[in-house]
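1. what follows is a protein structure lacking sequence information:
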């Protein structure tokens, strides 16, 4: 799923959320332009996940950075500078400390090579935990899906806790500067946002 790749695709996914649109104070004209633009970009990068898996590990961050630059360039044609900056802050808040696995974010926060390696190890362990959830079979009924969502959230919290332990006070300060003022994002495990704010049915497990 492209939204899960973080970075560029996360920006596009967030723009479809009414809460984010309100935070950015998007005009109706901007919403219309963004709807067409996001669909265009999603179609263009539809096979990005498969493409990344086919690349050597050391080449993936470079390719993702290229896509990120292109997406931001296109969004800058519709969004004001302060809107785009706030969108990127919200995206980092949603992604959490896992964003430090990205070279550009790690560099801005000032992670050492040792810390970057430890972050990767934490994320690998988290990936194993998530895989074990999927191996339990289909999501089942509403209650089962909610329980799985809670387990997923626990893994996310564990990742943030483990990575935060690695950071110095100065690095934590830089991270706070990157994510900006807190944004309360309402997660909905049983529904998803459709075309720029329209609620759709529950997603498949």
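-> Great, that's in hand. Computed from a prediction, not measured in an experiment: that's the story for all the values here. Numbers count the residues shown, from 1 in each chain.
2. for residue 16, grab phi and psi.
-> phi -90, psi -10 (degrees, to the nearest 10).
3. residues near it, how many?
-> Number of residues near residue 16 (other CB atoms under 10 Å) recorded here: 20. (Glycine included, C-beta is placed from N, CA and C.)
4. again, but for residue 108
-> As a measure of burial, residue 108 has 15 neighbours, counting by other CB under 10 Å.
5. next one: it from residue 152, what distance?
-> Relative to residue 152, residue 108 is positioned 27 Å away (criterion: CB to CB, to the nearest Å).
6. one more: residue 15?
-> Separation of residue 15 from residue 152 (CB to CB): 23 Å.
7. and for residue 171?
-> With the distance defined as CB to CB, residue 171 ends up 26 Å from residue 152.
8. cool, residue 123 as well?
-> When CB to CB is the yardstick, residue 123 and residue 152 sit 14 Å from each other.
9. and if you look at residue 95?
-> For residue 95, the distance to residue 152 under the criterion CB to CB works out to 14 Å.
10. between these two, which one's more packed in?
-> With neighbours defined as other CB under 10 Å, residue 95 and residue 152 compare such that residue 95 has more, 19 against 14.
11. surely the more buried one is in contact with residue 10?
-> Yes: at 6.4 Å, residue 95 and residue 10 qualify as touching, with contact defined as CB atoms under 8 Å.
12. neighbours around the spatially closest residue to residue 14 that is not a sequence neighbour, how many?
-> In space, and not counting its chain neighbours, residue 14 is closest to residue 20: 4.9 Å by CB to CB, 6 or more residues apart in numbering. Residues lying near residue 20 (other CB under 10 Å) number 22.
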